[in-house]
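Colleague: Build the 3D model from these lines:
(one chain, ligands or ions: 1)
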Amino acid sequence: MTDLKKIKKEAEKEIGSAKDLKELQDVFNQYLGKRGELTQILRSLKDMPKRERIMFGKDANDVKNALTIAFDEKSAGLKAGEARAAEEKEWIDVTAPGKKIAVGHLHPLTLAKRKTMEIFQSMGFAVAEGPDIETEWYNFDALNIPKDHPARDVWDTFYLKDGPLLRTHTSPVQIRYMEKNNPPLRIIAPGTVYRHESTDSSHEFQLYQVEGLMVDKDISVANLKAVVGEFFRRFFEKEVDFRLRPDFFPFVEPGFDISITCLVCGGKGCSVCKETGWLEVAGAGMVHPNVFKAAGLSPEWQGWAFGFGLERLAMLKYRINDIRLFRSSDLRFLNQF
Ligand code: PHE
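Modeller: Okay, the predicted model is just below:
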């Protein structure tokens, strides 16, 4: 009897102080498990004389029931506590402002290139491409710039070992395209070009150009002006003044340079336009018959070509005063787009 009372008291104390479900389970095993103290007492009942068994048995079962209830209550209490703790830990404040995710964005040159492509594509121009590493034939000879001709010096060329070179302009794509396609044709050819020159606020040794080529019958400078004017209007999203002045490129005749009013200073004169109020953005002209011949076409075709400097256009559109910023990887600059 005293054993039973002692067991009950101790068990109740231990149940009461169990800190979590695992501890409680250990206490349970100690008293009511297969080898538990109370279990063993209950098991020994069968060996007792009948009278004692009835008396003692009742008490032992009462203790068992009392302890079982105590275990269940404690267990329910611990479970509720654990659930509460978990809830608190996982609590989400749905009204809290979200964390701002840093979203990537396009480089200004990519923006300018895409816009240019979109405008020309809507005017029926296909997009063509050529390799960055060119042969002398495509970069010079086929464009009516013979070897040893002083005109070749205009393009400060990076020569690679044993002949090939980094293209100095996108004009070789004219030849490559006309070799494979018959007129009438309209293309633009955006791409990187390389020039061996020192850099300053308006010069870089690596540039983007956009070549344009339109070949058909009865094509004139008027067509060139109309297409270029439409392009400017849509690219800058306003009317811009531009002018064609005679210039020399061996692969066109007549040749022009195309300038627009400097949008950085509004034509008043600044460092970007070298105080002239104008900025040269392209070379252009009527395709030279020798170019048609080199590409295997009849020199009776007519066409115009232009080569835009994409950096120049982007500088004017976004009012950037130093061409070197584009490839500087300076986030203070890039994050503004
Ligand atoms: N390829 C010339 C340059 O890079 C530009 C140009 C293209 C001129 C087409 C006339 C016609 O300087």
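Colleague: so which strand or helix has Gln121?
Modeller: helix 108-122 (DSSP states H and E).
Colleague: which parts of this protein sit against the ligand?
Modeller: Residues of the chain lying close to the ligand (C-beta under 6 Å from any ligand atom) are His169, Ser171, Phe249, Val252, Gly255, Gly283, Ala284, Gly285, Ala305, Phe306, Gly307. Using the backbone N, CA and C atoms, a C-beta is placed for each residue, glycine as well.
Colleague: returning to that earlier point: now the helix holding Gln121, how far from the chain's geometric center?
Modeller: 17 Å (C-alpha atoms, centre = their mean, to the nearest Å).
Colleague: Past that helix, which element shows up next along the chain?
Modeller: In N-to-C order, the element after helix 108-122 by DSSP H and E is strand 126-127.
Colleague: Which residue, other than its chain neighbours, is closest to the residue of the stretch 1-150 of the chain found nearest the ligand?
Modeller: Ranked by C-beta to the nearest ligand atom, the top residue of the stretch 1-150 of the chain for proximity to the ligand is Leu143, at 7.9 Å. Leaving out its chain neighbours, the residue that sits closest to Leu143 by C-beta to C-beta, 6 or more residues apart in numbering is Phe251, at 4.1 Å.
Colleague: what's that neighbour sitting at in phi/psi?
Modeller: phi -90, psi 10 (degrees, to the nearest 10).
Colleague: Over to the one 5 residues further on?
Modeller: When read as degrees, to the nearest 10, the backbone of Phe256 gives phi -140, psi 160.
Colleague: I'd say it and Gly285 touch.
Modeller: Yes - using C-beta atoms under 8 Å, Phe256 is in contact with Gly285, at 5.6 Å.
Colleague: neighbours of the residue nearest to Leu143, just the number please.
Modeller: Number of residues near Phe251 (other C-beta atoms under 10 Å) recorded here: 24.
Colleague: residue contacts, it?
Modeller: By C-beta atoms under 8 Å, 6 or more residues apart in numbering, Phe251 lies in contact with Leu143, Asn144, Ile145, Ser171, Gln174, Gly285, Val287, His288, Asn290, Val291, Ala305.
Colleague: Show me how to select, in PyMOL, the buried members of those residues.
Modeller: Buried residues among the contacts of Phe251 (16 or more other C-beta atoms under 10 Å), as a PyMOL selection:
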select buried, resi 143+144+145+171+174+285+287+288+290+291+305
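Colleague: JSON lines for the contacts of Phe251, including pLDDT and secondary structure?
Modeller: Shown next, in JSON lines, are these (pLDDT from 0 to 100; DSSP: H, G, I helix; E, B strand; the rest coil):
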{"residue": "Leu143", "pLDDT": "97", "secondary structure": "helix"}
{"residue": "Asn144", "pLDDT": "96", "secondary structure": "coil"}
{"residue": "Ile145", "pLDDT": "93", "secondary structure": "coil"}
{"residue": "Ser171", "pLDDT": "98", "secondary structure": "coil"}
{"residue": "Gln174", "pLDDT": "98", "secondary structure": "helix"}
{"residue": "Gly285", "pLDDT": "98", "secondary structure": "strand"}
{"residue": "Val287", "pLDDT": "98", "secondary structure": "strand"}
{"residue": "His288", "pLDDT": "98", "secondary structure": "coil"}
{"residue": "Asn290", "pLDDT": "97", "secondary structure": "helix"}
{"residue": "Val291", "pLDDT": "98", "secondary structure": "helix"}
{"residue": "Ala305", "pLDDT": "98", "secondary structure": "strand"}
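Colleague: Go through the contacts of Phe251 and name the one nearest Lys89.
Modeller: Distance to Lys89, by C-beta to C-beta, is smallest for Ser171 among the contacts of Phe251, at 67.1 Å.
Colleague: What are the boundaries of the strands in the protein?
Modeller: 126-127, 133-134, 165-166, 185-194, 206-216, 242-247, 252-261, 278-287, 302-309 (DSSP state E).
Colleague: show me the contacts for Asp132.
Modeller: Leu166, Arg167, Gly191, Thr192, Tyr194.
Colleague: Need the pLDDT of the last one.
Modeller: Among the per-residue scores, Tyr194 shows a pLDDT of 96.
Colleague: what's the answer for the third one, then?
Modeller: pLDDT, the model's per-residue confidence, is 97 for Gly191.
Colleague: same question, the first one
Modeller: pLDDT recorded at Leu166 is 96.
Colleague: Run through the bridge partners of it.
Modeller: Beta-bridge partners recorded for Leu166 (DSSP bridges): Ile133.
Colleague: how much space between it and the ligand?
Modeller: Using C-beta to the nearest ligand atom, to the nearest Å, we find Leu166 at a distance of 13 Å from the ligand.
Colleague: Run a quick neighbour tally on that residue.
Modeller: 20.
Colleague: picking that back up, the residue of the stretch 1-150 of the chain closest to the ligand contacts Ser171, doesn't it?
Modeller: Yes - here Leu143 lies in contact with Ser171, judged by C-beta under 8 Å, at a distance of 5.5 Å.
Colleague: Count the neighbours of the nearest residue to Gly269 once chain neighbours are set aside for me.
Modeller: Excluding the flanking residues, the one nearest Gly269 by C-beta to C-beta, 6+ apart is Glu275, at 4.0 Å. When counting by other C-beta under 10 Å, one arrives at 11 neighbours for Glu275.
Colleague: Cool, thanks, talk later.
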